[in-house]
Each structure stands twice: as C-alpha cells, then as structure tokens.
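S.K.: need coordinates for the following:
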Amino acid sequence: MSLDYGVAPGGYRLPEATRLGPVKLQVSNLARSVAYYENVIGLHTISRSDGMARLGAHGDDSMLVGLRERPGATPVPRRGLLGLYHFAILVPDRAVLGRFLRHVTALGVHVGMADHLVSEALYLTDPDGLGIEVYADRPRANWKTADRQIAMATDPLDAENLMAAGGDAPFTGLPKGTVIGHVHLHVGDIERASHFYHAGLGFDKMVWNYPGALFLAAGGYHHHLGTNTWAAGQPAASDGDARLLEWEVVVPTASDAQAALSSVESAGHPVERDTSGGTVSDPWGTKVRVRAT
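M.R.: Numbering: from 1, shown residues only. Alright, predicted model coming up:
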C-alpha cells in the first residue's frame, strides 16, 4: 500500500484492511444509559445481564457499544479527563445522518455540529458526560490533501440541508452497516502519543497541523484515531470514573494481531496476550485491544 499522503511508521505498519471494533464504557447507572443509547442514539440491546449490556445497530447482533455498570461512578468533569474525548459512530450515508439529526432535534437534545470537509458530524454527551460523535463520511474521492495531509477543518454545518437529505422517512434507529468509525482521546503529550500509536502500534500519521491534535489511521482513512492535548493538566480517568474501558483495533489475521502487539511491546509497553489477540495500555492508561477479524 503506497499513498501520496500521510506518514507511514518506520517499522511495523497496520494492514490496509484495519478497522475498529466495539467500545466498552463504564457508566454509573446501567438502566439510565441503556435507555439513552436506545432512545436517543438509536441502538438496540443485544443482551443484558450481571451489570453489563451489549448494544448494536438494528438488524445486526454485532456489538458496537458495551456498557458496564459501576454504581456511583463519577461523571466526566467539564474540562474532561485524560482518556476518552469521544467515540464516533459512523452511519452508512448522509440520509441516515439527516434523519438522526431530525430525530434528536425533535427530542430537544443538545447537539454540537461540524463540517470537517471529509465528513459531517454531530456531537452528543451521554448521561455520564461521555462524548459521542455520530457522523457520515463524504466520498473518499472528494477528500483533498495538502503537504501530505488530509484537509480537515471544523466549519459550520448546514443543518437544514442535512435534514433535507433524510427525506420524509422517519428515523427508526441506526441501521445495519453502522460501525465505530474512530475514537478520539485526550492525551497528555502528542509526542508520546505518536510514539505509542504511530511508531509502536503502527498507525499512519494523517493530520498533524491541527492545533494540539494528531490524527492517525490505517489504509488511507482520514482517521481511526484522534489524539489531543485539550485536557492537558487534568488527571487520567480512574477506576471510579465514568470512562472508556477499552477500544478495539481489528486486523485481518491472527499473525497481523501478534505483529502489532509485538511492535508496541518492542516500543516499551507491556502487552497482555489472550486467545483473541491481546491488550496494551497507552501512557495514560487507555486500554486498546488488538484482535483478528
């Protein structure tokens, strides 16, 4: 795979077919969170037992979001914590995003909006203060590059035009084909984040001139991972906080998973291997699982 944009790591490089798997979150009240993710976000519950719930898109029993209850978990403070900034749900097309925007607007839910050039994005916050993005990509052929970077911005979103794209059809939940598109993390230092995720885990650098942020991906995508220092000075999320417990990088084969884990281990980060692949924590305690499809 050769691209005319981005910066490949010097050593191991994640395969072109790399994608993200589910995110697992710690929440303070499972019933409240399940109701939010069903009624506002539009997921459906696949299973629920023993203080845990698995949710996915309608018509698909693959988990996208896992919730684990920790009663009394502390909500995310306004300035954030090192760890999750948001996880991002990628819908199949712009029409779905338009129907979703009409749906949350009718509910009276506060929604942030942005046009990122490569995508159109809506931002919400769950009952524990955990950040969520719901977005649709523009066609890759329309993405632009400059100085080897993908052109991204935070411009105003044309909400009326987006809702019009949804037509008259009602929103009936996030449909099959919805996936976790990317994860965006608060980190303490961009260089250390680059050492872990780029030089270690094997993501390409995609955008590095965005103030206080670095975006990384595999296969030429605009980003599977965002990192930023916008919560620098804040502590890392702890066991007693509402937080991201784990996110997943999914690679084509078991040998790909072991190669990625060996690379990040060689960069000085302890790896815990298991039958599906293994896990490793970044310098701020955020755990990432690497597994085969």
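S.K.: tell me what the nearest residue to residue 225 once chain neighbours are set aside is bridged to.
M.R.: In space, and not counting its chain neighbours, residue 225 is closest to residue 216: 4.7 Å by C-beta to C-beta, 6 or more residues apart in numbering. (Each C-beta comes from the backbone N, C-alpha and C, glycine too.) Residue 216 has the following beta-bridge partners by DSSP bridges: residue 205, residue 225.
S.K.: for residue 216, grab the count of nearby residues.
M.R.: 27 (other C-beta atoms under 10 Å).
S.K.: quick one: contacts for it?
M.R.: Neighbour list for residue 216: 197, 198, 203, 204, 205, 206, 223, 224, 225, 226, 227 [criterion: C-beta atoms under 8 Å, 6 or more residues apart in numbering].
S.K.: what do you get if the cut-off is 6 Å, keeping everything else the same?
M.R.: 197, 198, 203, 205, 225 (C-beta atoms under 6 Å, 6 or more residues apart in numbering).
S.K.: among those, which one has the most neighbours?
M.R.: Busiest of the contacts of residue 216 [other C-beta under 10 Å] is residue 203, holding 28 neighbours.
S.K.: let's see the pLDDT reported for the nearest residue to that residue once chain neighbours are set aside.
M.R.: Closest residue in space to residue 203, ignoring its immediate chain neighbours: residue 216 at 3.7 Å, by C-beta to C-beta, 6+ apart. Note on residue 216: pLDDT of 98.
S.K.: what about the helices in this protein?
M.R.: Using DSSP state H, the helices of the chain run over 30-36, 94-107, 159-165, 190-194, 254-266.
S.K.: can you list these in TSV and add mean neighbour count and distance to residue 18?
M.R.: Listed next are the helices of the chain as TSV, based on neighbours: other C-beta atoms under 10 Å; distance: least, C-beta to C-beta, whole Å:
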stretch	mean neighbour count	distance to residue 18
helix 30-36	17	29
helix 94-107	19	24
helix 159-165	15	29
helix 190-194	17	18
helix 254-266	19	8
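S.K.: quick one, which of the ones you listed gets closest to residue 180.
M.R.: Smallest distance to residue 180 across the helices of the chain (C-beta to C-beta): 15.3 Å, for helix 94-107.
S.K.: what sits up against stretch 43-53?
M.R.: Contacts of stretch 43-53 (C-beta under 6 Å, 6+ apart): 34, 37, 54, 55, 56, 58, 61, 67, 68, 69, 174.
S.K.: try it again at 7 Å.
M.R.: Contacts of stretch 43-53 with the rest of the structure, by C-beta atoms under 7 Å, 6 or more residues apart in numbering, involve 30, 34, 37-38, 54-58, 61, 63-69, 173-174.
S.K.: angles on the backbone of residue 80, please.
M.R.: phi 90, psi 170 (degrees, to the nearest 10).
S.K.: apart from its chain neighbours, what residue comes closest to it?
M.R.: Nearest one to residue 80, counting by C-beta to C-beta, 6+ apart, is residue 231 at 3.9 Å.
S.K.: hey, where'd the strands end up in the stretch 151-293 of the chain?
M.R.: Using DSSP state E, counting those that start in this stretch, the strands of the stretch 151-293 of the chain run over residues 179-186, 204-207, 213-217, 225-228, 243-251, 271-274, 277-281, 287-292.
S.K.: quick revisit: contacts only, for the residue nearest to residue 80.
M.R.: 79, 80, 81, 82, 186.
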